[in-house]
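Asker: what would the 3D arrangement of this be:
(chains A and B)
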Amino acid sequence: MLYLYCLVSAGREPPPPSLRGVAGAPVRQVAVQTIAAWVSDLPSAIEAVTPELVRAHDGVVREAMRAETPLPARFGQSFPDESTLRRALEERREGIARGLERVRGAVEMTVRLLLDAAAPGPAERPAVGSGREYMAWLRERQRAAEGARQRAGFLQTRVAQAVGGLARGEARSGASASGNSATISHLVACGDVTRYRHLVHELSEREPELRLMLSGPWAPYSFAELPGA
Amino acid sequence: MPEHDPDEPVLERSRGSGAAFERELHALAPALPERIDADPEHVETGLARLVLTVIELLRDVLEHQAVRRMDGGALSDEEVERLGLALMRLDERMQELKNVFGLTDEDLNIDLGPLGRLR
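Answerer: Have a look, this model is predicted:
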């Protein structure tokens, strides 16, 4: 079983022999023409997500970032054997090369925004007796969710406008599972990270009601979708 | 804003929002996506989660449609009452099934990627 961390250009340095990934497994490179995958051999697929495993995955991706921005794989992606992985890389070679070109020299910066101005809405179903009351409750719940979506979009646009010139790409995620926050991520050139931080900081100072949390730089997890995939 | 090594990930928060973000991140942590459990002893629960998630998705569509029809004036009072009762019973049946398999609402709130979460 091959566990996949990220995709890189084949011409670069392979992973250092001392590098360890998930479950402490060594990391090696599988190259197919101009592209390569950083992988670990594991006895079986990973069945549960733990913070330690996610950190180990990100640690390998971060090591790859030292030389060149990779296309990070989603956590938990594995292949039954090397020939299956090679076939998958071969089939998507052009898309991967375009993806690598897109993220070259860039990192991901993420801003999480609290949506607490939006009405929380009726989370728990009240003890209702009639069908009409139940329908009214459903309507309220749907309106609250729509309000959170609109609030998320509004706040995300404020951030996007503040950093607009620096973003090479943008990815938004709607209201979180809790309904209390949303994120906006930008693909930013490595040389622009400090400026990006300043712009977000200025926005937060200018508009203190905008409650935000900035994190990064990260590997471009939100920008690893392959074109045409 | 303090200067940072641009290669190191950092976390910065708006003034006074630390506690609120801490609460939010704690609320989000259990929502980390899990994989279907392939352990033979637990596979039933994994499958039930998958099936109930699909039903939950359909139920969500039905509920939206029902509210839209009600708000559009397309339903008589009697129809609103009947539809509401049907959806309420569906909700109760779903709660029973979730209890049987030890699942929570959050277990069925799957992440649909770019479309966001189910609820």
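
Asker: number of nearby residues for B:M88?
Answerer: Residue neighbour count, defined by other Cβ atoms under 10 Å in any protein chain shown, stands at 20 for B:M88. No exception for glycine: its C-beta is placed from N, CA and C like everyone else's.

Asker: relative to A:V128, how far out is it?
Answerer: As for B:M88, its distance to A:V128 is 7 Å (criterion: Cβ to Cβ, to the nearest Å).

Asker: what do the two both touch?
Answerer: Any residue near both B:M88 and A:V128 by Cβ atoms under 8 Å, 6 or more residues apart in numbering or on different chains counts here, and that gives A:Y134.

Asker: tell me where chain A has strands.
Answerer: Assigned strands in chain A, in chain order: A:2-9, A:28-32, A:35-41, A:71-72, A:78-79, A:106-114, A:167-173, A:181-189, A:212-218 (criterion: DSSP state E).

Asker: for chain A, which helix is longest?
Answerer: For chain A, the helix that runs over the most residues, judged by DSSP state H, is helix A:131-163.

Asker: which helices and strands does that one pack with?
Answerer: Under the contact criterion of 3 or more Cβ pairs under 8 Å, 6 or more residues apart in numbering or on different chains; DSSP states H and E, helix A:131-163 touches strand A:106-114, strand A:167-173, strand A:181-189, helix A:193-206, helix B:43-71, helix B:77-100.

Asker: out of those, which comes closest to A:Q142?
Answerer: For A:Q142, the closest of the helices and strands packed on helix A:131-163 is helix B:43-71, at 5.8 Å, according to Cβ to Cβ.

Asker: angle of the closest one against helix B:77-100?
Answerer: 160 degrees (axes from the mean of the first three to the mean of the last three Cα atoms, to 10 degrees).

Asker: if I look at the residue in chain B that chain A sits nearest to, how far off is B:R69?
Answerer: Nearest residue of chain B to chain A (Cβ to the nearest Cβ) works out as B:G84 at 2.6 Å. In this structure, B:G84 lies at 12 Å from B:R69, with Cβ to Cβ as the measure.

Asker: same thing with A:S204?
Answerer: In this view, A:S204 and B:R69 are 43 Å apart by Cβ to Cβ.

Asker: which stretches of the chain have low pLDDT?
Answerer: You didn't say which chain, so I picked chain A. Applying pLDDT under 70 to chain A flags the ranges A:117-124, A:126, A:175-179, A:226-229.

Asker: wrong one, chain B
Answerer: Confidence mapping of chain B against pLDDT under 70 gives the ranges B:1-9, B:29-43, B:109-119.

Asker: how about chain A: which residue is closest to chain B?
Answerer: Counting by Cβ to the nearest Cβ, chain A gets nearest chain B through A:G131, at 2.6 Å.

Asker: number of residues surrounding that residue?
Answerer: A:G131, neighbours per other Cβ under 10 Å, totals 21.

Asker: now do the contacts for the nearest residue to it once chain neighbours are set aside.
Answerer: Using Cβ to Cβ, 6 or more residues apart in numbering or on different chains and skipping the chain neighbours, the partner closest in space to A:G131 is B:G84 (2.6 Å). Contact partners of B:G84, counting by Cβ under 8 Å, 6+ apart, are A:130-135, A:138, B:66.

Asker: so which of the helices and strands packed on helix A:131-163 is nearest A:E82?
Answerer: Evaluated with Cβ to Cβ, the helices and strands packed on helix A:131-163 place helix B:43-71 nearest to A:E82, the distance being 28.1 Å.

Asker: that closest one: which residues count as buried?
Answerer: Going by neighbour count (16 or more other Cβ atoms under 10 Å in any protein chain shown), the buried part of helix B:43-71 is B:45-46, B:48-49, B:52, B:56, B:59, B:63, B:66-67, B:70.

Asker: close to chain A, is it?
Answerer: Yes. Contact check for helix B:43-71 against chain A, using Cβ under 8 Å from any Cβ of the partner chain: residues in range are B:63-64, B:66-67, B:70-71.

Asker: what's the angle from that helix to helix A:131-163?
Answerer: Using the same axes, to 10 degrees: helix B:43-71 against helix A:131-163 is 100 degrees.

Asker: so what does helix B:43-71 touch, helix or strand wise?
Answerer: Where contact means 3+ Cβ pairs under 8 Å, 6+ apart, helix B:43-71 is packed against helix A:131-163, helix B:77-100.
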